[in-house]
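**Q** need a structure here:
(chains A and B)
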Amino acid sequence: MNDELKYLLERTVAGRQSRRAFLGRAGALGMSAAMANTMLASAARAQEPKKGGLIRMGMQGGESTNTLDPALAASEVPFAVNMTWGEMLTDVDPNGNLDMRIAEEVSSSPDAKTWKFKIRQGVEFHNGKTVTAEDVLATMQRHSDENSQSGALGIVQGIESMSAEGDMFTVTLASPNADLPYLMGDYHLIIQPDGGRDDPAAGIGAGPYKVVVNEPGVRHGFEKHVNYWDDRIGHADQTEILVINDTTARVAALQAGQVHMINRVDPKVYGLLKKAPGILVHATPGRGHYVFIMHCTAAPFDNNDLRMALKLAINRHEMVDKVLGGLGSVGNDFPINSAYPLFDNTIPQREYDPEQAAFYYKKSGHDGSPIILRTASGAFPGAVEAAQLYQQSAAAAGIPLEIKREPDDGYWSDVWNVQPFCASYWGGRPVQDQMYSTAYLSSAEWNDTKFYNDKFDSLLIAARAELDNEKRKGMYSEMAHILRDEGGLICPMFNDFVEGVSDAIAGWTSDPNGELMNGRAHVKCWLA
Amino acid sequence: MHPIIKLLAQRLSLGLLLLLAASALIFIGVELLPGDVAQSILGQSATETALRNLREELGLNEPALTRYFNWLFAAIQGDLGTALTNGQSISKAVGERLGNTLFLAFWAAIISVPLAIILGLIAVRYRNRWPDKLISAVTLSTISLPEFVAGYLLMYLFTVQFRIFSPISTIYSGMSLGEKLSAIALPVMVLVLVVLAHMMRMTRAAILNVMQSAYVETAELKGLRPFVIIARHAFPNAIAPVVNVVMLNLAYLVVGVVVVEVVFVYPGMGQYLVDHVTKRDLPVVQACGLIFAAVYIGLNIMADVISILANPRLRHPK
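**A** Model prediction:
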């Protein structure tokens, strides 16, 4: 094999370039695609996971107030911690397909109202108990009953009744939902012994690792759960998550070899860190997006011409370049991108158009008083700068924006969902239905754009019961058009997850579902 | 009763009153902040039902005054309660954090206090000559440097360029003393740099003040060596102001190092307090506030007592 080919092969297997790029370059070197494919497959097979050792992750997003109760998980570290010791019924794989975990099989009635989950045999909790359908039932009840404080309440409240018989867990929904198996993979819905009623924060689950050290805001230590059922993951003997909220300290810890992986690499240091020896920086396109939201019911945003003017007055490409440092993609004023299944890529991209914006602004008859846009540095990273860029691009269209900077502290309780125009972010959801149901359905609890559209609602409900994917895709496309042209969402950009990984780690795959391989990088990778 | 004991008793009871006032102030302060603990825990994902359930469970629906007195009576009996956010015992969590904070402060103080006083003495001995100017210039520049900048500089130097120390100072039980000391080397360096100048300048100024006195002249005329005059005759009379500054800096080392804790990921009280303030976790904020207030008040009482003991005129009041 010539040196260049060998080099390309190593790069591809290490994840430094895509498979497609490898095939292209190999073709240029005179190799047939079939041959190149075979070669790649055997090189990848040589990358058999190695067992043992200690993998350490340094993460932003942990506080000393964190708890192990999965119902209350909201930030990055609790998410990754729970993914280490916990396991859900289902999960979503990097390609957007259903990954069966504690549920081995799932089937539904033809109307998608009744769902049966067959519980995998021989799965063991860390306390030695076997996972039963009763545990699953108790878990779901804890998240959905009237005392629930769960972040998954919105997902499970559509359940009409549940039952457990033998190894079968049955859910009956109030209205059909073809996506229920995906929803059961929500990260709050970790199966706990007896549903975690005795001690929700005990950290006892059926995941690949047991909790050994739990010092919230400092570190979380784990050791392998020896009776874990799936030997495709959980390669290291031990793993540790260190909470390093300071960006500089996190990067220094990676460079000094103190940790193997870090999340949230600042786009400002992306270029520099990429050049550092022994470190790979991965930018993974995800479903998370940074947004400006208008309440469609509050003046002056109750006028669709004004909303359209504001949508046309934002320079999306500039935002991606300057706020995300190029590590992201432009949004199109609806919360879905190509990372979602059933995405329609023919919807035209909305561009910055000051003339059209000025036209709609005039048409709206707005009195010319400044429109107040609220932002805070914690709304999303770079939210204040993004608002300033927006102010300038809008000024070019003659639309006066006034930026009001709010404190981070209390932003989510006093500004977001309260004030009519502010900056915010969404983490994305595994499927389109869940994203739309969470925030754009008229009755949604987090309908943060106060968007009430009957046509949109009926399409969403109809799509849930539609098992034909082509028809469903058409419905989602129509909904995207409605939201894009009439909604209160200004979505300038989708952000990538930017993560630093030491070359001592092998097995990295990009996963659009969440950062650090959907919180399981330390579980799925191994020490090279 | 011996006047010193009487004084001590007076100061201590005043201190207790001050603590009580501080606890009331902290409570009012946290109550005034927008949002409550339930809202902060659930964040952007708060729904009305979840909020209501959480408030119910945490007992947030009772009137503020009731909650304050409930807390106060429990605290007097030594029960600090559990954190609202994660249900962990506050006494245990604070105990560990306080231990870490005191560990860091202890080593920073052990190095910085003697160093500052010796540098101060040297500065007086060679006043207005190059050693004095050099000491002043160096310590004043390090105090002028923000802590996080000093932290990052040291981190760059000692962990990225030369891999001597670890950039993360997380310590936990099970580490040997040597490992712990190596872990905290960088934060200790930063803290020493930050507190050195204040104490050094005060020592210098206080001693220079005394150096004008007649008895120092007498000592000089007796032919004593300059350093002996400074250390044996001038310094004891300059102790009162120096002790006060030293105590202020010690208090800073315990209660004011949150920036250093964040930069070096050190699990001390500061970060713990800040996390719980953002979550409006009142019992924890109260507990930390009280401990901080107690440290301040205690160190100040100590400074007073030492100054009095060091001064015969105050020791034997008429």
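
**Q** avg pLDDT for the helix or strand residue A:321 falls within?
**A** Residue A:321 is located in helix A:316-322, with elements delineated by DSSP states H and E. For helix A:316-322, the mean per-residue pLDDT is 94.

**Q** what helices or strands is it leaning on?
**A** strand A:328-330, helix A:383-396, strand A:489-502 (3 or more Cβ pairs under 8 Å, 6 or more residues apart in numbering or on different chains; DSSP states H and E). The way it works is simple: take the backbone N, C-alpha and C, and place the C-beta from them, glycine included.

**Q** Now do that helix: everything it contacts.
**A** Contacts to helix A:316-322, defined as Cβ atoms under 8 Å, 6 or more residues apart in numbering or on different chains, come from residues A:326, A:328-331, A:350-352, A:385-386, A:389-390, A:393, A:492-493.

**Q** Same question for that helix: list its buried residues.
**A** By neighbour count with 16 or more other Cβ atoms under 10 Å in any protein chain shown, helix A:316-322 contains the buried residues A:316, A:318, A:319, A:320, A:322.

**Q** so how far is residue A:266 from the second one?
**A** The span separating residue A:318 from residue A:266 equals 19 Å under the rule Cβ to Cβ, to the nearest Å.

**Q** swap in the third one?
**A** Note on residue A:319: its distance to residue A:266, by Cβ to Cβ, is 17 Å.

**Q** and what of the fourth one?
**A** Separation of residue A:320 from residue A:266 (Cβ to Cβ) stands at 16 Å.

**Q** And for the first one?
**A** Computed as Cβ to Cβ, the residue A:316 to residue A:266 distance reads 21 Å.

**Q** try residue B:181
**A** For residue B:181 relative to residue A:266 (Cβ to Cβ), the value is 31 Å.

**Q** Let me have the helices and strands packed on helix A:316-322 in JSON lines, extended by mean neighbour count.
**A** Below are these laid out as JSON lines (neighbours: other Cβ atoms under 10 Å in any protein chain shown):
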{"stretch": "strand A:328-330", "mean neighbour count": "22"}
{"stretch": "helix A:383-396", "mean neighbour count": "19"}
{"stretch": "strand A:489-502", "mean neighbour count": "24"}
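
**Q** Can you lay out these as a markdown table showing distance to chain B and mean pLDDT?
**A** Output for the helices and strands packed on helix A:316-322, formatted as a markdown table (distance: least, Cβ to the nearest Cβ, whole Å; pLDDT from 0 to 100):
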| stretch | distance to chain B | mean pLDDT |
| --- | --- | --- |
| strand A:328-330 | 20 | 93 |
| helix A:383-396 | 13 | 94 |
| strand A:489-502 | 14 | 94 |
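
**Q** export the host helix or strand of residue B:139 as CSV, just CAs?
**A** Following DSSP H and E, one finds residue B:139 within helix B:130-144. Provided in CSV are the C-alpha atoms of helix B:130-144 (Å, rounded to 0.1, in the frame of the first residue of the first chain):
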residue,chain,number,x,y,z
TRP,B,130,17.0,49.0,45.8
PRO,B,131,15.9,46.0,47.9
ASP,B,132,13.0,48.0,49.3
LYS,B,133,12.0,49.3,45.8
LEU,B,134,12.3,45.9,44.3
ILE,B,135,10.1,44.2,46.9
SER,B,136,7.5,46.9,46.6
ALA,B,137,7.5,46.9,42.9
VAL,B,138,7.1,43.1,42.6
THR,B,139,4.5,42.7,45.3
LEU,B,140,2.5,45.7,44.1
SER,B,141,2.4,44.3,40.6
THR,B,142,1.2,40.9,41.7
ILE,B,143,-1.6,42.4,43.7
SER,B,144,-2.6,44.5,40.7
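
**Q** Is the helix or strand just after it in proximity to chain A?
**A** As assigned by DSSP H and E, the chain's next helix or strand after helix B:130-144 is helix B:147-155. Yes: for a cut-off given as Cβ under 8 Å from any Cβ of the partner chain, helix B:147-155 has contacts with chain A, namely B:152, B:155.

**Q** Now helix B:147-155: buried residues?
**A** Quick answer for helix B:147-155 (16+ other Cβ under 10 Å): B:147, B:148, B:150, B:151, B:152, B:154, B:155.

**Q** Likewise for stretch A:470-486?
**A** A:472, A:473, A:474, A:475, A:476, A:477, A:479, A:480, A:482, A:483, A:484, A:486.

**Q** One more: stretch A:213-223?
**A** So for stretch A:213-223, counting by 16+ other Cβ under 10 Å, buried means A:214, A:215, A:216, A:217, A:218, A:219, A:220, A:221, A:222, A:223.

**Q** Report the entries of the residues you listed that also contact chain B.
**A** A:215, A:216, A:217, A:218, A:219.

**Q** and which of those residues is nearest residue B:309?
**A** Set against residue B:309, the nearest of these by Cβ to Cβ is residue A:218 (40.8 Å).

**Q** The residue nearest to that closest one when sequence neighbours are not counted: neighbour count?
**A** Excluding its sequence neighbours, the residue lying closest to residue A:218 (Cβ to Cβ, 6 or more residues apart in numbering or on different chains) is residue B:267, at 4.3 Å. Residue B:267 has 24 neighbouring residues, counting by other Cβ atoms under 10 Å in any protein chain shown.

**Q** now swap in residue A:454 and tell me
**A** 8.

**Q** Taking strand A:489-502 as reference, get the angle to the helix or strand hosting residue A:480.
**A** Secondary structure from DSSP H and E places residue A:480 in helix A:469-486. Counting by axes from the mean of the first three to the mean of the last three Cα atoms, to 10 degrees, helix A:469-486 lies at 120 degrees to strand A:489-502.

**Q** Give me the packing partners of helix A:469-486, helices and strands only.
**A** So helix A:469-486, by 3+ Cβ pairs under 8 Å, 6+ apart, packs with helix A:304-312, helix A:454-465.
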